[in-house]
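# Here's a sequence, model it:
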Amino acid sequence: MARGKARLYADEKDAEPLNPPQLQAVQAIQGPVLIIAGAGSGKTRVITCRIAYLLEQGIPQSAILALTFTNKAAREMAERVKALTRKKLQNLTVSTFHSFGVKILREEIERLGYRKNFSIYDETDRMQLIKDSLRECGLSPEGVDLYALGQLFSNVKIGRLQWGSGANDAFEPVYEEYQQRLKIFNALDFEDLLVIPIELFERYPEVLEKYRRRYRYIMVDEFQDTSLTQYRLMRLLADRIEKTEQNVCVVGDDDQSIYSWRGANYENIRRFEMDFPGTLEITLEQNYRSTTTILEAANGVISNNTNRKEKTLWSGNGGGKPIEICTPENESQEADLIAAEIKQLRLREGLRYDDFGVLIRTNALTRSIEEAFLAENIPYRVSGGTSFFQRKEIKDILSYLRVIANTDDDVNLLRIINTPRRGIGKTTVAALSELARQNQSSLWNAMTALRYARDTFGDQSFQETDNADVDAFMSLIEKHKEAILGKRGLSQKVRALVDDIDYWGYLITEFSKHEQAARWKFANISSFIESIAHWEHDPDNLDPTLYPYLNRISLITRDDGTEDADKGKVNLMTIHAAKGLEFPVVFIAGAEDGIIPHARSLEAGEGDLEEERRLFYVAITRARDKLVISSCLKRRRLQSTVECSPSPFLAEIPPHLVEYHTAPSLLQSAAEAEDVLALLKRKFT
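Residues are numbered from 1 along each chain as shown. Predicted structure coming up:
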């Protein structure tokens with residue numbers, strides 16, 4: 001015992017001893033255990049130490065099953081257990097739910113009429129099968145939202161929806177066809193990896209009993225994120241006639257349940273207590289990540305939720321810096337504030353770029369922040385979404401500009417040669433590529449050769465219509481090249497280009513059943529053009545022409561690893577993507593009513609509002625030392641500027657923890673701060 005116990009007190013990542021609740025959680029290995037692990041409370045360490053303790057107590061590796069949600073988390077868990085025990089772990093099962101489902105199916109699926117060498121369809125395969133099923137049922141895929149139909153099929157399969165209860169019942173024959181085709185093709189989709197193991201367990205009790213005997217100690221990480229299907233699978237495995245043999249431990253935090261939109265159900269925590277009577281509940285409240293100030297703010301916010309386990313996080317890290325709430329005029333000033341503060345803190349406190357996390361509620365908020373980072377030469381990466389400049393519609397327009405700047409840019413020319421569609425198909429492009437290869441030239445030069453030497457090349461490879469389409473494309477580029485390479489008015493000329501190629505018409509055609517998506521994408525293009533206008537009207541910009549602008553945009557993909565001190569990039573990410581991460585300095589941008597809480601949650605009701613509050617709580621608790629929250633007075637939405645109200649969650653932060661700013665680096669007096677707080681409160685009521 002002594003040797004094993006000593007190992008539990010230290011691992012390679014943390015030499016501090018386990019605190020009493022952590023030690024209790026590690027050593028409580030008999031019967032059902034519920035560990036409520038607050039943010040930053042050492043959850044991963046407790047889980048890995050618990051597995052190591054089981055092994056030290058002589059429990060065979062093969063009797064332990066640890067389930068989590070990502071392959072990365074499973075790998076990290078296994079590596080840390082290996083470091084703790086210094087043992088080979090060939091027989092220990094540390095897995096995602098879906099990988100565990102595959103493990104069962106490889107052994108047992110023949111009982112259900114499948115062959116062991118089944119295929120697992122990815123999303124592309126699945127969409128094609130849905131299309132084929134629609135056609136088999138006499139329906140055209142062109143008139144159907146395939147993504148929505150796929151979601152419907154998933155919800156039916158996992159039991160969230162049933163046929164016979166709504167307008168979607170017309171698709172029931174398509175679903176049946178889809179299911180039959182999966183079986184014929186010996187294939188499974190993603191939901192099958194959980195649904196079919198449950199079917200096996202329920203139809204064949206002897207199979208269930210086999211796995212119950214095998215896995216006598218079960219652990220589930222991130223339990224608040226489990227779906228009803230995952231809970232059902234776990235319960236089947238963990239249930240025993242003898243309650244003392246229900247050795248199942250689940251670890252989670254209902255305050256961090258933020259994935260209801262993908263099936264997660266935080267009420268599984270309450271369900272666990274009902275289904276496993278006599279559950280030992282252990283609460284981990286000591287936070288090892290954040291200052292007391294940040295934790296008090298988080299506690300103040302989350303305490304307004306009613307459907308939660310009571311807990312109060314505390315820290316031994318000291319009081320810390322006040323939380324700064326800034327009220328910039330608009331999103332451009334907000335972005336400038338964030339960029340300026342990052343640069344100041346790097347110089348003043350010696351921080352690296354990857355010490356900063358900039359968190360947003362929706363990916364639509366990235367553009368102005370990316371612009372500010374580019375202007376200040378701040379390297380960054382976008383997580384949990386697509387960089388504004390990497391969105392298809394923006395890349396399309398940028399490709400036009402890059403070809404105008406350099407007609408020999410084959411990569412960008414290929415992107416736009418038939419976007420929007422202009423009759424230049426794959427056959428024409430292949431012939432042009434072959435011509436370019438033969439002449440060791442660019443595609444543009446090949447098109448020029450086609451234009452001026454048709455007697456030599458045209459009759460061999462190209463139809464008359466091909467010639468006309470290529471001619472029209474070249475004329476379009478030449479026309480706008482002459483205009484755009486002029487000295488002034490770049491943004492207006494780009495707008496004229498967008499109108500000339502009728503990109504709006506292209507979007508309407510591409511999203512014929514989803515005009516809202518087309519409008520959103522076109523609004524992104526409008527925002528892109530506005531950003532060019534903002535850049536070219538900057539009085540410090542001495543050369544507002546195309547080439548400097550494209551060079552500036554290219555900085556997004558530059559390699560910033562030239563100095564050791566500057567390794568990494570600022571993390572610009574959605575709050576959802578930030579869960580599980582931490583940063584010395586966190587900015588929460590766009591803390592406005594309608595953004596967080598999101599407007600949809602206000603319409604949906606109290607349950608969704610509480611999830612939005614949990615999301616804000618997760619954002620706050622990502623910060624270790626410093627937290628800055630910005631709430632704009634005005635924000636550009638689509639084609640207009642609207643007045644904004646601060647997020648109501650800001651008023652839930654205890655006032656004594658907060659300092660208010662109205663402009664970058666302009667700290668207000670206490671009296672002014674009280675006036676601002678009074679104004680904020682009036683807006684909330």
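# Spatially nearest residue to K82, not counting backbone neighbours?
Once flanking residues are discounted, K82 sits nearest to L89: 5.6 Å by C-beta to C-beta, 6 or more residues apart in numbering. Where C-beta positions appear, they are placed from N, C-alpha and C, glycine not excepted.
# just for the stretch 301-450 of the chain, where's the confidence low?
For the stretch 301-450 of the chain, applying pLDDT under 70 flags the ranges 385.
# ok, which stretches of it are strands?
Assigned by DSSP state E, counting those that start in this stretch, the stretch 301-450 of the chain shows strands spanning 314-315, 323-326, 356-360, 380-383.
# give me every residue that touches I120.
Shown in contact with I120 (C-beta atoms under 8 Å, 6 or more residues apart in numbering): 102, 187-190, 193.
# Just these: which are in helices?
102, 193 (DSSP state H).
# Dump the contacts of I120 to JSON lines, plus pLDDT, distance to V382 and neighbour count.
Rendered in JSON lines, the data for the contacts of I120 read as follows (pLDDT from 0 to 100; distance: C-beta to C-beta, whole Å; neighbours: other C-beta atoms under 10 Å):
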{"residue": "V102", "pLDDT": "91", "distance to V382": "31", "neighbour count": "18"}
{"residue": "A187", "pLDDT": "89", "distance to V382": "34", "neighbour count": "17"}
{"residue": "L188", "pLDDT": "92", "distance to V382": "33", "neighbour count": "21"}
{"residue": "D189", "pLDDT": "92", "distance to V382": "29", "neighbour count": "22"}
{"residue": "F190", "pLDDT": "91", "distance to V382": "25", "neighbour count": "16"}
{"residue": "L193", "pLDDT": "94", "distance to V382": "30", "neighbour count": "20"}
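# shouldn't Q286 be in contact with N19?
Yes. Q286 is within contact range of N19, at 5.6 Å (criterion: C-beta atoms under 8 Å).
# Mutual contacts of the two, please.
Shared contacts of Q286 and N19 (C-beta under 8 Å, 6+ apart): G42.
# thinking again about what came up before, how close does the residue nearest to K82 get to M274?
When C-beta to C-beta, to the nearest Å is applied, the distance between L89 and M274 equals 34 Å.
# For those two, indicate the residue with more neighbours.
Neighbours were counted for L89 and for M274 using other C-beta atoms under 10 Å; L89 has more, 16 against 8.
# Ramachandran coordinates for that one?
Here is the backbone geometry of L89 (degrees, to the nearest 10): phi -120, psi 50.
# Would you agree it is in contact with R80?
No. Here L89 does not reach R80: they are 10.9 Å apart, not a contact under C-beta under 8 Å.
# C632 falls within a helix, correct?
No. Membership of C632 in a helix is not supported by DSSP: H, G, I helix; E, B strand; the rest coil, which gives coil.
# Can you give me the neighbour number for it?
26.
# pretty sure it is touching N330, no?
Yes. With contact defined as C-beta under 8 Å, C632 counts as touching N330 (5.6 Å).
# Return the most buried member of the strands of the stretch 301-450 of the chain.
Using mean count of other C-beta atoms under 10 Å, the stretch among these with the greatest mean number of neighbours is strand 356-360 (a mean of 27).
# Looking at the residue nearest to K82 now. What's its pLDDT?
Turning to L89, the model gives it a pLDDT of 84.
# Out of the contacts of I120, the closest to A449 would be?
Using C-beta to C-beta, A187 is the member of these that sits closest to A449, with 48.1 Å.
# Would you mind listing where the protein has pLDDT under the threshold?
Of all residues in the chain, those with pLDDT under 70 make up the ranges 1-15, 241-244, 385, 453-466, 554-567, 602, 604-606, 638-639, 662-685.
# Show me the residue sitting in the middle of it in space.
The structure's the chain has its C-alpha centroid closest to G384; by C-alpha atoms, centre = their mean the separation is 2.7 Å.
# Which residue comes closest to that one once chain neighbours are left out?
With C-beta to C-beta, 6+ apart as the criterion, G384 has its nearest non-adjacent residue at 2.5 Å, and that residue is A577.
# Relative to the whole chain's centre, how far out is whatever helix or strand that neighbour lives in?
A577 is located in helix 575-578, with elements delineated by DSSP states H and E. Taking C-alpha atoms, centre = their mean, to the nearest Å, one finds the center of helix 575-578 at 6 Å from the center of the full chain.
# got a list of contacts for the helix or strand that comes right after that helix?
Following the chain from helix 575-578 toward its C-terminal end, the next helix or strand by DSSP H and E is strand 583-588. Applying C-beta under 8 Å, 6+ apart, the set of residues contacting strand 583-588 from outside is 338, 341-342, 345, 351, 355-360, 571, 575, 616, 619-620, 622-630.
# Kindly report the same for stretch 531-541.
Everything outside stretch 531-541 that qualifies as a contact, by C-beta under 8 Å, 6+ apart, is 332, 367-368, 371, 375, 488, 490-491, 494, 544, 549, 552.
# Turn the buried ones among those into a named PyMOL selection, would you?
Here is the PyMOL command that selects only those of the contacts of stretch 531-541 that count as buried (16 or more other C-beta atoms under 10 Å):
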select buried, resi 332+367+368+371+375+490+491+494+544+549
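# In CSV: the contacts of stretch 531-541, plus distance to I282.
Putting the contacts of stretch 531-541 into CSV (distance: C-beta to C-beta, whole Å) gives the following:
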residue, distance to I282
S332, 48
R367, 45
S368, 45
E371, 47
A375, 50
R488, 68
L490, 62
S491, 59
V494, 60
P544, 62
Y549, 57
R552, 53
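# now, which of the contacts of stretch 531-541 sits nearest L401?
So of these, ranked by how close each gets to L401 (C-beta to C-beta), first place is V494, at 7.0 Å.
# Wait, the closest one touches I484, no?
Yes. Checked against C-beta under 8 Å, the pair V494 and I484 is within contact range at 7.1 Å.
# okay, and the common contacts of those two?
A shared contact of V494 and I484, defined by C-beta under 8 Å, 6+ apart, is any residue touching both; here these are L401.
# Can you classify W163 as helix, strand or coil?
Of the three states, W163 takes coil according to three-state DSSP.
# if we can go back for a sec, counting only helices, which of the contacts of strand 583-588 make the cut?
Residues from those lying in helices, with DSSP H as the criterion: 338, 341-342, 345, 575, 616, 619-620.
# could you flag which of the residues you listed are buried?
Once neighbours are counted (16+ other C-beta under 10 Å), the buried part of these comes down to 338, 341-342, 345, 575, 616, 619-620.
# Which single one of the residues you listed is nearest to N168?
Distance ranking of those against N168, using C-beta to C-beta, places I575 first at 31.1 Å.
# can you pull the contacts of the closest one?
Contacts were defined as C-beta under 8 Å, 6+ apart; by that measure I575 touches 258, 359-361, 588, 596, 615-616, 618-619.
# Much appreciated, bye for now.
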